[in-house]
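Chemist: show me how the following folds:
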Amino acid sequence: MEEIRSSSSPPSTHRTSAGPENQPFGSSTKPEKSTALRLKKGCLAFMVSMKEGFEYVKAFFFGQAKKLRARSEDEAATADLQASKMQVEAADAAEDAKTRLNKSA
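Modeler: Purely as a prediction, here's the structure:
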């Protein structure tokens, strides 16, 4: 004869947790960013890029004006180095700003 066991149920093969296959469509475990937040971040990144471009062009024209006014070859070389330094500083500032943007969002 069969032995009657206590009220324990047989092991279940059905998963009750909300794993990736049991989640409703469109939901995920990561919080989703709103469209407005992504748009704001994109606009800020665009503005940083525009500012970088403006600073780069400003440094270029500054260097050209200094070179035209130079009275000696040394002054022209100094103006060229100064313009290059300004361009590098503009690129570094833009990179730092974009890094801060990525960390904040």
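Chemist: pLDDT of the lengthiest helix in the chain, averaged?
Modeler: Counting residues, the longest helix found in the chain (DSSP state H) is helix 35-69. Averaged over helix 35-69, pLDDT sits at 92.
Chemist: so which elements touch the helix or strand just after that helix?
Modeler: Using DSSP states H and E, the helix or strand that follows helix 35-69 in sequence is helix 73-104. When contacts are defined as 3 or more Cβ pairs under 8 Å, 6 or more residues apart in numbering; DSSP states H and E, helix 73-104 sits against helix 35-69. Quick note: C-beta positions are derived from backbone N, CA and C, even for glycine.
Chemist: quick one, the helix it packs on and helix 73-104 angle?
Modeler: For helix 35-69 against helix 73-104, the angle by axes from the mean of the first three to the mean of the last three Cα atoms, to 10 degrees is 170 degrees.
Chemist: now do the buried residues in the longest helix of the chain.
Modeler: Neighbour-count burial for helix 35-69 flags Leu44, Val48, Glu52, Glu55, Tyr56, Ala59, Gly63, Lys66 (criterion: 16 or more other Cβ atoms under 10 Å).
Chemist: who are the contact partners of the first one?
Modeler: It refers to Leu44. Residues near Leu44 by Cβ atoms under 8 Å, 6 or more residues apart in numbering: Leu101.
Chemist: the last one too?
Modeler: Under the criterion of Cβ under 8 Å, 6+ apart, the contact partners of Lys66 comprise Glu75, Ala76, Thr78, Ala79, Gln82, Ala83.
Chemist: kindly indicate the member of the residues you listed with the most neighbours.
Modeler: When neighbours are counted by other Cβ atoms under 10 Å, Ala83 leads the contacts of Lys66 with 21 neighbours.
Chemist: excluding chain neighbours, what is closest to that one?
Modeler: The spatial neighbour of Ala83 that comes closest, neighbours along the chain excluded (Cβ to Cβ, 6 or more residues apart in numbering), is Gly63 at 2.4 Å.
Chemist: what's the pLDDT at the residue lying closest to Lys51 once chain neighbours are set aside?
Modeler: Excluding its sequence neighbours, the residue lying closest to Lys51 (Cβ to Cβ, 6+ apart) is Ala94, at 6.8 Å. In this model, Ala94 is scored at 93, pLDDT.
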